[in-house]
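J.: Need a 3D model of the sequence below.
(chains A and B)
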Amino acid sequence: MSHPVAPATGSGRIRTPLPFPTAAKPAVADTQLRANLHRATRTIRAKRARVVDEVPDWEALRDAGSAIKADVQRRLPELLEQFEASATAAGATVHWARDAAEACRIVVALTRAAGADEVVKVKSMATQEIELNEALEAAGIAAYETDLAELIVQLGDDTPSHILVPAIHYNRAQIREIFQRRMADAPADLSDEPAALAEAARAHLRRRFLSARVAVSGANFAVADTGTLVVVESEGNGRMCLTLPETLISVVGVEKLLPTFTDLEVFLQLLPRSSTGERMNPYTSMWTGVTPGDGPQDVHIVLVDNGRSAVLADPVGRPALSCIRCSACLNVCPVYERAGGHAYGSVYPGPIGAILSPQLTGVADNASLPYASTLCGACYDVCPVKINIPEILVHLRQQAPHPPAERAAMRVLAWVMRSPRRWAAALRLARTGAGPLGAYRERRTGARTLRRLPWPASAWTRSRDLPLPAPQTFREWWGKQ
Amino acid sequence: MRIALFITCVNDLAFPATGIAVTRILRRLGHTVDFPADQTCCGQMHANTGYRAEAMPMVRNYVDVFDSYDAIVAPSGSCTAMIRDQYPRLHPPATSVAARTYELSELLVDVLGVTDVGAEFPETVTYHPTCHGLRMLRLGDRPLTLLRQVRGIKLVELADAEECCGFGGTFALKNPDVSTAMLTDKCARVRDTGARVLAAADNSCLAHIGGGLDRHRSGVRAVHYAEILAETGAAS
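T.: Down below sits the predicted model:
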């Protein structure tokens, strides 16, 4: 089977069950969560800024990364076929999945064929996206996350709230509590020291690595000319999963392609500095099909579309597929910092999630996300592959279904503002109408501001005073000279 | 040089003092300015909220009204960014007039080559670089360069200055909780400076931050930096 011809929308955990403003409400009110997010994002963005400043050709690297990804998007079908041929020639088996359900069915079937009832997992956004763990569980197969943060989230029956730091919303006391409650082999006197928590997880996972016969991974990059898959990680648990089991199943979004092996040079510089603020990530694992007598002898690659072809079909939104999941945009986003990742309702939170999720599902199914941004532009500035997130947000807002009352108000305002004559009259009217009220407020409070207004203006006056029109507009002042 | 004022809709209605200040500064520097009365709005609110079709007549009106001028100055980083960044994409004939549209500090520093506008303002002032001025127009420290030349001024640094205040146009209404959380943090940073005046290049952001400061009775006044540059210390 080849990649899908007709773009289909994606499924899985990429839909917001609640509109963003509603979902953000509890997070904004949770002072502990706000403090956790503030401390974590602040630390990581300062670290990123430091190590990026060290690279004299950072801007050139960003341009190169952006250009390579644009090239991939221009000839994705051709590169996918090349990748399939290279990987197959190297001994891997390539599978194609149109959507989340199809991808899950393939992985379940492969795991069963390997005779396994459990898999160890390398941290992977693609498998989170297709809700693979849930599908495996439904099929009677236990999936064990081996990334420390993913393990914390899994044990806590929670979902990740950050691409890179899935447990960013927890502090170490909360993590200790989860371990003591859910990790049977956790030491009784476990402290909340990061080293002690990591050691407890290490001991817990060791047994799993040694017994697992099937591992499931994603891939940061898939190289078309060699058929190589690349996983970049910092704990070494990924390396264990990628080398010890007999069967390796890698679930890879079709946009992860790079044309040539030498292109990795650019991305292995951009990714660690943008994501963890490190000069080089500790573990870079690359595998090309099967190497006899070394590592997994049964290697499968599931190439997942799940809405990506639909994104590719939109020339303005397409650059969202350049994302290398570094999460620099999350860490710098003031909205993410206050709302947290769960408010985005998708495995892709933050600014990239606000453009990627609605594109994967179709904008109508995630209509609040393109508005979950002030368009401040901080995300665009840090993006290692120069995705113009604000531009795509505005583009998606054109496609979002608009509330009827808002549409009516915007149309009336536009009708007034398109005509200089009507606009001048409206200014006069607003100034005259507010005149007595403004004067009254000025006498009472010393300022021409309102403190409380009925809905919908109450959204403004709940937290800030509203300025009233001035006693004289600018054009009136100008006319009197 | 024929300089036109684009005063912007919000300034015209609610903050006329800013446009008056821009007029005074430019006249004091010996320039003649014009205010074409047929101007309305740049269309940013409509375009950024997802109403591009509704914004287009405003875009075309801007081109009609301003195309004959050598330079157009707007006391708003946000509206200037709309015109310079979005107009050429929305309406290619706007490319030339968009390139001749400047935020006040760009006009003064880059076009007119002035950093000392002869102002005097004996107050403690902190400056918030608004997002569109900072990251779309790349104003850099042009406004601060102008403020540093003001006699009697004491400029104090704002912590986390480059972080958005949470206004974001209709964001403040569509996401009131997150917007308020951002505003609260911004107001706290402003109060921490001990400044009596908060200056910025956008009255919309200032209405939001100033509205928050007033709500908490902070005693800090929010003003467009043009109004500081217009002050001469003499009774005017």
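J.: Determine whether the claim that A:Pro21 is in a helix is correct.
T.: Yes: checked against DSSP: H, G, I helix; E, B strand; the rest coil, A:Pro21 lies within a helix.
J.: residues contacting it?
T.: A:Ser368, B:Lys174, B:Asn175, B:Pro176, B:Asp177, B:Val178 (C-beta atoms under 8 Å, 6 or more residues apart in numbering or on different chains). Placement of C-beta: from N, CA and C, glycine included.
J.: Strands along chain B, start to end?
T.: Secondary structure of chain B by DSSP state E: the strands cover B:3-5, B:33-34, B:71-74, B:101-103, B:124-127, B:154-156, B:197-200, B:221-224.
J.: Against chain B, how distant is A:His169?
T.: A:His169 sits 15 Å away from chain B, taking C-beta to the nearest C-beta, to the nearest Å as the criterion.
J.: Please tell me how far the nearest residue to that residue once chain neighbours are set aside sits from A:Gly340.
T.: Spatial nearest neighbour of A:His169, excluding adjacent residues (C-beta to C-beta, 6 or more residues apart in numbering or on different chains): A:Ser161 at 4.6 Å. Taking C-beta to C-beta, to the nearest Å as the criterion, A:Ser161 is separated from A:Gly340 by 6 Å.
J.: shared neighbours of these two, anything?
T.: Counting by C-beta under 8 Å, 6+ apart, the common neighbours of A:Ser161 and A:Gly340 are A:His169, A:Pro349.
J.: Tell me who's in contact with the closest residue to B:Val109 other than its chain neighbours.
T.: Distances taken as C-beta to C-beta, 6+ apart put B:Arg142 closest to B:Val109, at 4.7 Å, once the chain neighbours are dropped. By C-beta under 8 Å, 6+ apart, the contact list for B:Arg142 reads B:Ser105, B:Glu106, B:Leu108, B:Val109, B:Asp110.
J.: cool, and A:Leu450?
T.: By C-beta under 8 Å, 6+ apart, the neighbours of A:Leu450 are A:Leu437, A:Arg441, A:Thr461, A:Asp465, A:Leu466, A:Leu468.
J.: Could you rerun that using 10 Å?
T.: By C-beta atoms under 10 Å, 6 or more residues apart in numbering or on different chains, the contact set of A:Leu450 is A:Ala434, A:Leu437, A:Gly438, A:Arg441, A:Ala457, A:Trp460, A:Thr461, A:Asp465, A:Leu466, A:Pro467, A:Leu468, B:Gly211.
J.: any bit of the longest helix seen in chain A sitting next to chain B?
T.: When secondary structure is assigned using DSSP state H, the longest helix within chain A turns out to be helix A:420-445. Yes: Helix A:420-445 comes into contact with chain B (C-beta under 10 Å from any C-beta of the partner chain), by way of A:Pro420, A:Arg421, A:Arg422, A:Trp423, A:Ala424, A:Ala426, A:Leu427, A:Ala430, A:Arg431, A:Ala434, A:Thr445.
J.: List the contacts of the closest residue to the last one other than its chain neighbours.
T.: Pointing back at A:Thr445 there. Among residues not flanking A:Thr445 along the chain, A:Arg451 sits closest, at 7.9 Å (C-beta to C-beta, 6+ apart). Residues near A:Arg451 by C-beta under 10 Å, 6+ apart: A:Arg441, A:Thr445, A:Thr461, A:Arg464, A:Asp465, A:Leu466, B:Gly211, B:Asp214, B:Arg215.
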